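> here is a sequence with its predicted model. Questions after.
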Amino acid sequence: MLGGAAGGFAGPADLDLPLDDARLREVGLTLGSGVVMVHDQHVDLVDQLRRIAAFFRDESCGQCVPCRVGTIRQEEAIERLAAGTGEADLSLLRDIAGAMRDASICGLGQTAANAIQSAVVRLGVLT
Amino acid sequence: MTAIDDTRPEIATVEAMIDGVTVRVAEGTTILDACGGRGCGIPTLCYGETITPRNACRVCMVEVEGSRTLVPSCSRPVTEGMVVTTRSERIDHSRRMVLEFLGSSVDLSLTDHVEEWNAEYGADPTRYGPEAARVDEPVRIDNDLYVRDYSKCILCYQCVDACGEQWQNSFVIDIAGRGFDARVSTEHDVALPDSGCVYCGNCIQVCPTGALMFTSEYDMRQAGTWDEARQTQVDTVCGYCGVGCNLRLHVQDDSIVKVTSPPDSGITSGNLCVKGRFGFQHAQNRPTAD
Ligand code: SF4
Ligand code: SF4
Ligand code: SF4
Ligand code: FES
């Protein structure tokens, strides 16, 4: 995982990617805070996503609607998905992510769905 | 003799393109105002008639070419060469989600236009399920004049700014807590009579959701007798002092049921003091048979 909680997951296929801002951007990733977190196959990624969702819900200052409510709705949807619900909650997650990214006031809300979306799209977590 | 200088300073203007139409507006004009202001078709919630918005609700978002995110039209000034789109799939998605986020967490039943916007943007607040977290607050009835029901509050900041630096300068209320737990609150959540509240009611005037409400209106709603269709509005001038504030009396069945002030009044801009706002009982004391 690159760039911390607001960054994104790179998959096994990305192992040869150079750690270069421009190159990462091309494939939809970011260096972000510079943190590189390595997860092996024994890590429970669903639990990681839960923790990331809880982190953003906790960190939201509450000023704007997309982040104040979006982060809690994101967490709720992930909890449901972790319990085995299906497609509807995945598309809900996508809907929430779009609004948070486009309409939140600051970078916190704008990036609160990054890691989760990248895990869903690149690694197929929760699907 | 002093010559009167009647040359007016040139008003600086900027030119921009909004939905394919070239517009020229005074520098500093917001995108929303360039589109015709409140009611022009772009939904607004935290932008009231008399308050400079904090752009917190994010329902008025539009696209500006070159901007990574959408921008709040109620607050973003038009700049030279700006290219704005006010309707697109991306914009509609954000508006729909804001409406759903609010509709699934607070009671919007008294907020104007919500039903029509939900229909327009396809918002369905029920799709988050019955377990979705809601703002669960008891109705605060701690004084005789007005009631606070924060389970209706969208945190638009308008009451905070009306009480604080934009109008009343009393600074009685502010946002306490953060994230989903953020609430409008008096200091340490004390009851209003223990706070610095001067009961001007200027917060009630700007509240778009009915979270702040005259006790008279609240009681009538509880009793099922509140009926706006039966009400008339009478504009008059407050008789209490020499300022001459404009009052708008809301009258139902020959009784004043609440008092507002016309937002466009040049004297008050919708603001009053406790006497004009709440001191109307003497006008309708009926003689009691004895
Ligand atoms: S996006 Fe920023 S301003 Fe908006 S609620 Fe989140 S932390 Fe606050
Ligand atoms: S009634 Fe006036 S003083 Fe009291 S909280 Fe409202 S705006 Fe502030
Ligand atoms: S109480 Fe009313 S005016 Fe105040 S923040 Fe809530 S909705 Fe806005
Ligand atoms: S009306 Fe523009 S952000 Fe609320």
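The structure has been received and is ready for your questions. Ligands and ions are numbered 1, 2, ... in the order given.

> make it CA atoms for all contacts and neighbour counts henceforth
OK.

> so for stretch B:167-182, mean pLDDT?
Averaged across stretch B:167-182, pLDDT comes to 97.

> flag every buried residue along the longest helix seen in chain B.
What stands out as the longest helix in chain B, according to DSSP state H, is helix B:89-103. By neighbour count on 16 or more other Cα atoms under 10 Å in any protein chain shown, the buried set for helix B:89-103 is B:90-103.

> can you tell me which two in those residues are farthest apart?
The span of the buried residues of helix B:89-103, defined through Cα to Cα, is set by B:Arg90 and B:Gly103 at 19.9 Å.

> chain A against chain B: which residues are in contact?
Residues of chain A lying close to chain B (Cα under 8 Å from any Cα of the partner chain) are A:57-66, A:68-70, A:72-73, A:76, A:95-96, A:98-99, A:101-105.

> after the longest helix of chain B, which helix or strand is next?
Next in sequence after helix B:89-103, counting helices and strands by DSSP states H and E, comes helix B:114-121.

> show me what that next one is packed against.
Applying 3 or more Cα pairs under 8 Å, 6 or more residues apart in numbering or on different chains; DSSP states H and E, we find helix B:114-121 packed against helix B:89-103.

> and the helix it packs on, what does it pack against?
helix A:65-82, helix A:87-103, strand B:61-64, helix B:114-121.

> pipe these into a markdown table and attach mean pLDDT, distance to ligand 4 and mean neighbour count per row.
Output for those, formatted as a markdown table (pLDDT from 0 to 100; distance: least, Cα to the nearest ligand atom, whole Å; neighbours: other Cα atoms under 10 Å in any protein chain shown):
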| stretch | mean pLDDT | distance to ligand 4 | mean neighbour count |
| --- | --- | --- | --- |
| helix A:65-82 | 97 | 9 | 25 |
| helix A:87-103 | 96 | 9 | 21 |
| strand B:61-64 | 98 | 7 | 26 |
| helix B:114-121 | 98 | 13 | 14 |
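
> out of the ones you listed, which gets nearest to B:Val84?
Using Cα to Cα, the nearest of the helices and strands packed on helix B:89-103 to B:Val84 is strand B:61-64, at 4.6 Å.

> what secondary structure does B:Trp14 sit in?
Not quite, residue B:14 is Val, not Trp. strand (DSSP: H, G, I helix; E, B strand; the rest coil).

> cool, B:Arg248 as well?
From three-state DSSP, the assignment for B:Arg248 is strand.

> got a pLDDT number for the closest residue in space to it that isn't next to it in sequence?
Using Cα to Cα, 6 or more residues apart in numbering or on different chains and skipping the chain neighbours, the partner closest in space to B:Arg248 is B:Asp235 (4.4 Å). pLDDT for B:Asp235: 96.

> ok, B:Asp33 next?
At B:Asp33, pLDDT is 97.

> what of the one 3 residues further on?
At B:Gly36, the predicted lDDT confidence score is 94.

> could you report the neighbour count for the residue nearest to B:Leu145 when sequence neighbours are not counted?
Nearest residue to B:Leu145, sequence neighbours excluded (Cα to Cα, 6+ apart): B:Thr215, at 5.3 Å. A count of nearby residues for B:Thr215, using other Cα atoms under 10 Å in any protein chain shown, gives 18.

> my guess is B:Thr215 meets B:Val147, correct?
Yes. Contact criterion Cα atoms under 8 Å: B:Thr215 and B:Val147 qualify, at 5.7 Å.

> need the residues of the stretch 151-290 of chain B near chain A, please.
Residues of the stretch 151-290 of chain B lying near chain A (Cα under 8 Å from any Cα): B:155, B:178-182.

> can you do 6 Å?
For the stretch 151-290 of chain B, the contact set with chain A under Cα under 6 Å from any Cα of the partner chain comprises B:178-180, B:182.
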